[in-house]
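**Q** Here is my input; please provide its structure:
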Amino acid sequence: MNILKKVLVFLLVVFLAAQFFGPEKNQGDVSSLQPFLAETSPSEDVHVILKEACFDCHSDYTRYPWYSSITPVNFWLADHIDHGKDELNFSRWNEYSIKRKDHKLEEIIEMVEERSMPLESYTWTHKEAKLTPEQIEQLTAWVNQARTQLTE
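**A** Below is the predicted model:
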């Protein structure tokens with residue numbers, strides 16, 4: 001067996017062994033979103049947008065695709081989710097101060113209008129998460145309404 005075949009066999013064995021190891025999944029309780037939903041009162045359309053485009057990376061509950069069990073993809077996904085939750089975690093909404101909530105809502109508008117959220121790498125495999133101009137408008141209007149409710 002030549003050296004290339006040996007290297008390929010070795011890499012295959014390493015890849016197969018790696019499948020037995022993976023990060024912890026983000027599978028908290030979906031009911032943790034209730035304080036956020038109760039406080040911000042999204043319409044059904046906006047709730048669907050949030051579910052399809054935001055909650056998987058920005059809450060304690062992720063709907064995982066079939067390929068999320070493949071190492072190293074699972075580590076890449078876990079890193080994205082951890083980073084997303086560090087920036088904004090809708091499941092921890094009730095732990096945020098009024099000022100922080102307002103700032104996070106303001107950032108939602110900025111990120112969505114700039115089309116930096118949802119991430120392009122997320123929309124590659126989640127076509128339903130790619131926001132249309134109408135959805136961006138709906139989301140922006142809802143965020144602006146939610147921000148005014150914070151100060152009342």
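
**Q** what residue is smack in the middle of this structure?
**A** Centroid check for the chain by CA atoms, centre = their mean gives Cys57 as the closest residue, at 1.8 Å.

**Q** ok, Leu4 to Phe10 distance?
**A** Here the criterion is CB to CB, to the nearest Å. By it, Leu4 lies 11 Å from Phe10. Where C-beta positions appear, they are placed from N, C-alpha and C, glycine not excepted.

**Q** With Lys101 instead?
**A** From Lys101 across to Phe10, the span is 52 Å (CB to CB).

**Q** now do Pro118
**A** Counting by CB to CB, the gap from Pro118 to Phe10 is 38 Å.

**Q** go on, Thr125?
**A** Separation of Thr125 from Phe10 (CB to CB): 30 Å.

**Q** and Lys101 and Phe10? which has more neighbours close in?
**A** Lys101 (19 against 10; other CB atoms under 10 Å).

**Q** The more buried one against Glu95, yeah?
**A** No. Lys101 lies out of contact with Glu95 (CB atoms under 8 Å); the separation is 10.0 Å.

**Q** Flag every buried residue along the longest helix seen in the chain.
**A** For the chain, the helix that runs over the most residues, judged by DSSP state H, is helix 133-151. Neighbour-count burial for helix 133-151 flags Gln135, Gln138, Leu139, Trp142, Val143, Ala146, Arg147 (criterion: 16 or more other CB atoms under 10 Å).

**Q** list the helices and strands that helix packs on?
**A** helix 34-40, helix 44-53, helix 98-113 (3 or more CB pairs under 8 Å, 6 or more residues apart in numbering; DSSP states H and E).

**Q** Show me how far it is from its chain's centre.
**A** Counting by CA atoms, centre = their mean, to the nearest Å, helix 133-151 is centred 19 Å from the centre of its parent chain.

**Q** Can I get that helix in PDB, CA atoms only?
**A** In PDB, the C-alpha atoms belonging to helix 133-151 read as follows (Å, rounded to 0.1, in the frame of the first residue of the first chain):
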ATOM      1  CA  PRO A 133     -38.300  42.400   2.400                       C
ATOM      2  CA  GLU A 134     -41.900  42.000   3.700                       C
ATOM      3  CA  GLN A 135     -40.700  39.800   6.600                       C
ATOM      4  CA  ILE A 136     -38.000  42.400   7.500                       C
ATOM      5  CA  GLU A 137     -40.700  45.100   7.500                       C
ATOM      6  CA  GLN A 138     -43.000  43.000   9.700                       C
ATOM      7  CA  LEU A 139     -40.100  42.200  12.100                       C
ATOM      8  CA  THR A 140     -39.000  45.800  12.300                       C
ATOM      9  CA  ALA A 141     -42.500  47.100  13.000                       C
ATOM     10  CA  TRP A 142     -43.000  44.500  15.700                       C
ATOM     11  CA  VAL A 143     -39.600  45.400  17.300                       C
ATOM     12  CA  ASN A 144     -40.500  49.100  17.300                       C
ATOM     13  CA  GLN A 145     -43.800  48.300  19.000                       C
ATOM     14  CA  ALA A 146     -42.100  46.000  21.600                       C
ATOM     15  CA  ARG A 147     -39.500  48.800  22.400                       C
ATOM     16  CA  THR A 148     -42.300  51.300  23.100                       C
ATOM     17  CA  GLN A 149     -44.000  48.800  25.400                       C
ATOM     18  CA  LEU A 150     -40.700  48.500  27.400                       C
ATOM     19  CA  THR A 151     -40.800  52.200  28.400                       C
END
